[in-house]
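Asks: Structure, please.
(one chain, ligands or ions: 1)
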Amino acid sequence: MDILIVEDEPEIAKLIQLTLEREGFTCQVCRDGLTALQAFQSQQPDVILLDLMLPGLDGLEVCARIRQKPGAKDPYILMLTAKGEEIDRIIGLSTGADDYLVKPFSPTELVARVRALLRRSLRHGGQSLVYRTSHFTVDVDQHTASRHLESGELEVLDLTTLEFNLLATFISQPGRVWSRTQLIDKLWGDDFFGDERVVDTHVARLRKKIELDSSNPTFVKTVIGVGYKFEDSTNS
Ligand code: CA
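Replies: Presented below is the predicted three-dimensional model:
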């Protein structure tokens with residue numbers, strides 16, 4: 001399934017479903033948070049449209065639970081919110097949502113936003129793209145990232161899609177200093193809007209997986225006042 005729609009208002013849910021199905025997406029609709037979690041686990045959607053105010057488990061809670069156990073696909077989550085609902089909390093993005101849309105939104109806007117989420121892939125025209133440094137190999141086409149162990153063996157890193165794209169971006173240009181805005185452009189595309197602190201959240205998660213000591217990183221370094229850069233020698 002492409003898209004899981006979680007929306008308790010039947011008319012809005014129907015409108016979203018029709019709009020997206022017309023664009024060729026496969027959709028499933030859930031009306032409450034618990035059902036949404038079950039559908040997420042069994043269906044592995046690529047994108048979840050998640051209404052904020054839901055009966056039972058609200059959207060923020062559903063989002064948090066999915067991020068705790070993202071599964072193989074680690075879906076993109078687009079929060080749907082009415083004007084005046086807790087937008088500040090969503091754009092703080094401590095929730096783990098990737099983007100949000102304020103109701104009422106037009107079908108065109110919805111489709112554009114969903115497509116932007118699905119475009120966030122770093123594939124380059126089918127050519128094989130593999131980056132190697134002393135400690136890492138990232139194969140963009142195979143979507144695999146591994147760490148080189150002392151023994152000479154490769155340890156495959158268990159990264160979410162976003163973490164993978166972030167590492168691939170860094171490793172594509174070692175030593176380059178990236179601002180948060182540039183990383184957002186690269187990972188989310190132009191139509192991202194929200195809070196750029198989302199970058200820090202994903203960098204922190206990536207560090208936990210690739211650094212020996214994530215509080216004292218040697219690969220993904222903070223450049224104070226600017227953003228981040230990746231450093232690793234390339235002569236392995
Ligand atoms: Ca609602």
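Asks: Against the centre of the protein, work out the most remote residue.
Replies: Distance from the centre of the chain peaks at residue 151, with 32.6 Å (C-alpha atoms, centre = their mean).
Asks: Shouldn't residue 152 be within a helix?
Replies: No. Applying DSSP: H, G, I helix; E, B strand; the rest coil, one finds residue 152 to be coil, outside a helix.
Asks: quick one, domains of the chain?
Replies: Domain assignment for the chain by automatic domain parsing gives 2-119, 130-230.
Asks: Mean neighbour count, these: which tops it?
Replies: Most buried of these by mean neighbour count (mean count of other C-beta atoms under 10 Å) is domain 2-119; its value is a mean of 18. Placement of C-beta: from N, CA and C, glycine included.
Asks: Is that domain in proximity to the ion?
Replies: Yes. Judged by C-beta under 5 Å from the ion, domain 2-119 and the ion are in contact via 8, 51, 53.
Asks: residue boundaries of the helices in the chain?
Replies: 10-22, 33-43, 59-68, 87-92, 107-119, 161-172, 180-188, 198-210 (DSSP state H).
Asks: Against which helices or strands is the third one packed?
Replies: Where contact means 3 or more C-beta pairs under 8 Å, 6 or more residues apart in numbering; DSSP states H and E, helix 59-68 is packed against helix 33-43, strand 47-51, strand 76-82.
Asks: Give the full set of residues in contact with residue 138.
Replies: 130, 131, 132, 144, 145, 146, 164, 167, 168, 171 (C-beta atoms under 8 Å, 6 or more residues apart in numbering).
Asks: One more: residue 208?
Replies: Per C-beta under 8 Å, 6+ apart, neighbours of residue 208: residue 214.
Asks: per-residue confidence at it?
Replies: If you check residue 208, the pLDDT there is 96.
Asks: repeat for residue 31
Replies: According to the prediction, residue 31 has pLDDT 96.
Asks: repeat for residue 94
Replies: 57.
Asks: wait, isn't residue 205 in contact with residue 160?
Replies: Yes. At 7.5 Å, residue 205 counts as touching residue 160 under the criterion of C-beta atoms under 8 Å.
Asks: ok so, going back, which one of the helices and strands packed on helix 59-68 has the poorest average confidence?
Replies: strand 76-82 (a mean of 87).
Asks: give me every residue that touches the most centrally placed residue in the chain.
Replies: Central residue check for the chain by C-alpha atoms, centre = their mean: the C-alpha nearest the mean position is that of residue 162, 4.4 Å away. Residue 162 makes contact with 74, 98, 120, 187, 202, according to C-beta under 8 Å, 6+ apart.
Asks: pLDDT check: weakest of these?
Replies: residue 120 (60).
Asks: circling back: which two from the contacts of residue 138 end up farthest apart in space?
Replies: Within the contacts of residue 138, two members stand farthest from each other by C-beta to C-beta: 132 and 164, at 15.6 Å.
Asks: which one of the helices of the chain lies closest to residue 3?
Replies: Taking C-beta to C-beta, helix 10-22 is the member of those nearest to residue 3, at 5.8 Å.
Asks: Next, the angle strand 47-51 makes with the closest one.
Replies: Orientation of helix 10-22 against strand 47-51 (axes from the mean of the first three to the mean of the last three C-alpha atoms, to 10 degrees) gives an angle of 160 degrees.
Asks: measure the closest residue to residue 9 other than its chain neighbours to residue 30 for me?
Replies: Nearest non-adjacent residue to residue 9, counting by C-beta to C-beta, 6 or more residues apart in numbering: residue 51, 7.7 Å away. Relative to residue 30, residue 51 is positioned 10 Å away (C-beta to C-beta, to the nearest Å).
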